[in-house]
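Q: Prediction below, plus the sequence it came from.
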Amino acid sequence: MKTFDELFAELSDRARTRPEGSGTVAALDAGVHAQGKKVLEEAGEVWIAAEHEDDEHLAEEVSQLLYRVQVLMIGRGLTLDDVYRYL
Ligand SMILES: N=c1c2ncn([C@@H]3O[C@H](COP(=O)(O)OP(=O)(O)OP(=O)(O)O)[C@@H](O)[C@H]3O)c2ncn1[C@@H]1O[C@H](COP(=O)(O)O)[C@@H](O)[C@H]1O
């Protein structure tokens with residue numbers, strides 16, 4: 001188990017070190033358009049799960065949305081503080 005901040009640190013490290021076989025590296029290389037599409041896709045799955053699925057499935061979809069948002073943030077060079085200052 002990990003927190004939002006811990007996942008962001010892990011993905012930032014993937015972006016820096018670019019390990020072989022990392023899905024995150026592939027998602028970053030795919031560019032902002034593909035990253036944005038993934039955010040929308042996962043957001044739609046969260047919506048559908050919230051209306052029609054159980055809590056466990058919904059939680060899994062939310063985790064995937066958080067992951068895709070973090071990939072997009074890192075792809076654009078945003079830090080957590082860039083976002084947290086608006087919370
Ligand atoms: N939390 C996640 C995570 N959530 C979602 N995903 C990706 O999103 C996919 C699920 O999304 P989709 O519903 O779009 O599934 P899909 O269409 O079959 O997947 P794609 O072929 O489109 O990637 C998963 O198969 C993963 O590829 C994640 N990939 C990685 N992480 C974590 O990120 C860290 C780094 O991962 P790597 O970069 O792969 O080493 C690790 O801690 C991982 O646990």
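A: In hand now; what should we look at?
Q: How about the residues of the chain by the ligand?
A: Neighbours of the ligand within the chain, by CB under 6 Å from any ligand atom: 10-11, 14, 22-24, 41, 64, 67. No exception for glycine: its C-beta is placed from N, CA and C like everyone else's.
Q: in the helix or strand encompassing residue 8, what's buried?
A: In the assignment (DSSP states H and E), residue 8 maps to helix 4-17. For helix 4-17, a neighbour-count test (16 or more other CB atoms under 10 Å) marks 8, 11-12, 14-15 as buried.
Q: what does stretch 18-30 give?
A: In stretch 18-30, counting by 16+ other CB under 10 Å, buried: 22, 24-25, 27-28.
Q: okay, the residues you listed in TSV with distance to residue 51 next?
A: Shown next, in TSV, are the buried residues of stretch 18-30 (distance: CB to CB, whole Å):
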residue	distance to residue 51
22	33
24	29
25	34
27	27
28	31
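Q: For the ligand, what's its nearest residue on this structure.
A: Closest contact between the chain and the ligand, by CB to the nearest ligand atom, is at residue 24 (3.0 Å).
Q: Please name the nearest non-neighbouring residue to that residue.
A: residue 14 (4.4 Å; CB to CB, 6 or more residues apart in numbering).
Q: from memory that neighbour sits against residue 27, does it?
A: No: using CB atoms under 8 Å as the test, residue 14 is too far from residue 27 to be in contact (9.5 Å).
Q: Name the next helix or strand following whichever strand or helix holds residue 49 along the chain.
A: Residue 49 belongs to helix 32-52 when assigned by DSSP H and E. Using DSSP H and E, the helix or strand that directly follows helix 32-52 along the chain is helix 55-76.
Q: And the most far-flung residue of the chain relative to its centre, how close does it get to residue 78?
A: No residue in the chain sits farther from the centre than residue 52, which is 22.6 Å out by CA atoms, centre = their mean. Note on residue 52: its distance to residue 78, by CB to CB, to the nearest Å, is 32 Å.
Q: Provide a list of residues in contact with the residue farthest from the centre of the chain.
A: Taking CB atoms under 8 Å, 6 or more residues apart in numbering, we find residue 52 in contact with no residue.
Q: ok, now which ones touch the closest residue to residue 41 other than its chain neighbours?
A: Using CB to CB, 6+ apart and skipping residues adjacent in sequence, the residue nearest residue 41 is residue 68, 7.8 Å away. The neighbourhood of residue 68, defined by CB under 8 Å, 6+ apart, consists of 35, 38-39, 41-42.
Q: If anything else comes up later, I'll come back, but that's it for now.
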